[in-house]
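K.L.:
Test case, fold it:
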Amino acid sequence: MRGNPLVSRKILLPLLSVVLTGLACGPVGLPGATPPVAPEAIATLVAATLTALAPPTAGDTPSPPPLPSPSETEEPAATAPPVLRVAYTSAGEAWLLEGAGPPVQITHTGGVQSVVISADGLRIAYLRRGTPEGPAELRAVNRDGSGDLALLTPAQTNTLHPLDGFLRIEPSNFSFIPGSHVLFVNTRAVAEGPGLLKFNDLYQLDADTALLTPVFPAEEGGDFSVSPDGSQLAIVRPSSISMANTDGSGLRPDLVVFDPVLTYSEYEYYPLVVWMADSSSAGVVIPSREPLGADPTASAWRIPAHSGSAVRLVTIPGEFFFFGMGPHSLLAPDLTRLAFARETTTPDIYQLILANTDGSGETVFDTGRFFWQGWSPDASRFLYGSDLPGSLQLGQVGGGASWAGEGTDVRWLNASEYVFLAGHSGAWELKKGVVGGAISTLVMSTSDFFSYDYSW
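P.N.:
Residues are numbered from 1 along each chain as shown. Alright, predicted model coming up:
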């Protein structure tokens, strides 16, 4: 379980390798409301009623009003409730939990280390290694365990770039494009020593056919964040953020340019991008170059999806780098608020601060030792760890905080439900929490390292 990033900065520096190689998961939309009756159907019914009530003229033979067609009188079909599907790792295999059913093992290859699931819940991509330190292979399988397919083998990845003395090349980040079975994948080099040596490339990989399509060559791609509607792509590098269509066309390079952030390690810093729910804009918080400097700051930016320049929303003093070093944006999904920490005069004690992204409304929400666990989709609530690593608190904008479970690696399902990871190596539990309600265990895993993803 990840420790508290504000307890001791010196202790945390060696842990950056774990954090900076984390995978981001794309957001999944919720089903829409039941559609109303069409206006033309209403007009037909009104006209029929008026015809029936009007007195007949001389010489006319009254005729009955036309009957509405079945499509005009049928009640709209009820929208099926969403089904939670969770793909996860246990004992070296990929498993799937679907609704209230029992977990089902869907791979039999061994060595499965990480999983992602498509938005429709039908296809699961997974990374496996024959040995713990051996080369990685990217594969995909259907939700019922059928259709297991090698997508990217070690032999294939080693041909994507010159080895130049590296041990091998392998997938770095991978996730599904929303609404499809196509993955975005980038790659990294594996060397004898430590370090995250990304090629800053980008490929599309069809999880049904294994078709690999280059999108951006080395040093023109990078880490990536896809809009909820699957149409736009934010491309993140250690000194810039660009935007393009998902197929790589319409590139708008270097919309945000910044000094690389010092990590005091062999790893480069890639800022975390968050998308608005309507896919109109993305946002990002970028710490100042020297997080251990005397007066650290950060800038928040709004990046329009289709056209226009990026807008700097605010630059504000505070601790953003260590407080926000996990896979959870400090910037709320609606881009109106951000969270950060600020040192007090007491060693290792910080203020948890909320502020509007126009610089107003700065409020001290809590004081202590914290790690950030993310905003709810509607930006009204947030989760954070307080005092002890793993002690989750649920915060309410404009309100107080309440206990929300013991764990980490939180993912919000919607505005009132969330899942999180509890336990320890070899004995993990994935739990579900409900705002104002109970906490329940979804699955248990015996993996040393636990990976999970969900569709909803």
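K.L.:
Strands along the stretch 351-456 of the chain, start to end?
P.N.:
For the stretch 351-456 of the chain, strands defined by DSSP state E, counting those that start in this stretch occupy the ranges 363-368, 370-375, 381-386, 391-396, 401-406, 408-412, 417-424, 427-434, 439-445, 452-455.
K.L.:
Looking at these, which is nearest to Glu98?
P.N.:
Closest to Glu98 of the strands of the stretch 351-456 of the chain is strand 452-455 (C-beta to C-beta; 9.7 Å). All C-beta spots, glycine's among them, are computed from the backbone N, C-alpha and C.
K.L.:
Direction included, what does the closest one pair up with?
P.N.:
Applying DSSP bridges to the sheet, strand 452-455 is found paired with strand 85-90 (antiparallel).
K.L.:
picking up where we left off before, out of the strands of the stretch 351-456 of the chain, which comes closest to Pro333?
P.N.:
That would be strand 370-375 among these, by C-beta to C-beta, at 6.0 Å.
K.L.:
So which residues make contact with the closest one?
P.N.:
Residues outside strand 370-375 that contact it (C-beta atoms under 8 Å, 6 or more residues apart in numbering) are 2-6, 323-324, 326, 328-333, 337, 339, 341, 350, 352, 381-386, 389, 392, 408, 410-412, 420.
K.L.:
Partner strands of it, with direction?
P.N.:
According to DSSP bridges, strand 370-375 has these partners: strand 381-386 (antiparallel).
K.L.:
can you state the direction angle for the partner strand and strand 391-396?
P.N.:
150 degrees (axes from the mean of the first three to the mean of the last three C-alpha atoms, to 10 degrees).
K.L.:
now strand 381-386, how far from the centre of its chain.
P.N.:
Put simply, strand 381-386 sits 17 Å off its chain's centre (C-alpha atoms, centre = their mean, to the nearest Å).
K.L.:
neighbouring contacts of that strand?
P.N.:
Here strand 381-386 has contacts from 4, 332, 339, 352, 366, 368-376, 391-397, 401, 404, 408, 410, 415, 418, 420, 435, using C-beta under 8 Å, 6+ apart.
K.L.:
sorry, back to before: ok, which of the strands of the stretch 351-456 of the chain comes nearest Thr213?
P.N.:
strand 452-455 (22.6 Å).
K.L.:
CA atoms only for that closest one - export them in PDB, please.
P.N.:
Provided in PDB are the C-alpha atoms of strand 452-455 (Å, rounded to 0.1, in the frame of the first residue of the first chain):
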ATOM      1  CA  TYR A 452      -7.900  -3.800 -11.400                       C
ATOM      2  CA  ASP A 453     -10.100  -1.900 -13.800                       C
ATOM      3  CA  TYR A 454     -13.900  -1.600 -14.200                       C
ATOM      4  CA  SER A 455     -16.700  -0.800 -16.600                       C
END
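K.L.:
Now do the same for it: mean pLDDT, whole number.
P.N.:
Across strand 452-455, pLDDT averages out at 97.
K.L.:
Same check on stretch 326-339?
P.N.:
96.
K.L.:
residues of that stretch that come out buried?
P.N.:
326-335, 337-339 (16 or more other C-beta atoms under 10 Å).
K.L.:
same question, stretch 405-415
P.N.:
Neighbour count says stretch 405-415 has 405-413 buried, by 16+ other C-beta under 10 Å.
K.L.:
farthest pair in these?
P.N.:
The widest separation within the buried residues of stretch 405-415 (C-beta to C-beta) is 18.8 Å, between Glu406 and Leu413.
K.L.:
and Val274, what does it touch?
P.N.:
225, 282-284, 329, 331-333, 335 are the contacts of Val274 under C-beta under 8 Å, 6+ apart.
K.L.:
could you list every residue that touches the closest residue to it other than its chain neighbours?
P.N.:
Ranked by C-beta to C-beta, 6 or more residues apart in numbering and with sequence neighbours excluded, the top spatial neighbour of Val274 is Ser329, at 4.0 Å. Residues in contact with Ser329 (C-beta under 8 Å, 6+ apart) are 272-274, 283, 285, 374-375.
K.L.:
Drop anything exposed from the contacts of strand 381-386.
P.N.:
Buried among those (16+ other C-beta under 10 Å): 4, 332, 339, 352, 366, 368-376, 391-395, 397, 401, 404, 408, 410, 418, 420, 435.
K.L.:
circling back: and Thr187, which of the strands of the stretch 351-456 of the chain is closest to it?
P.N.:
strand 452-455 (20.1 Å).
K.L.:
Could you pull up the contacting residues of Leu233?
P.N.:
Applying C-beta under 8 Å, 6+ apart, the residues near Leu233 are 184, 224-227, 243-246, 248.
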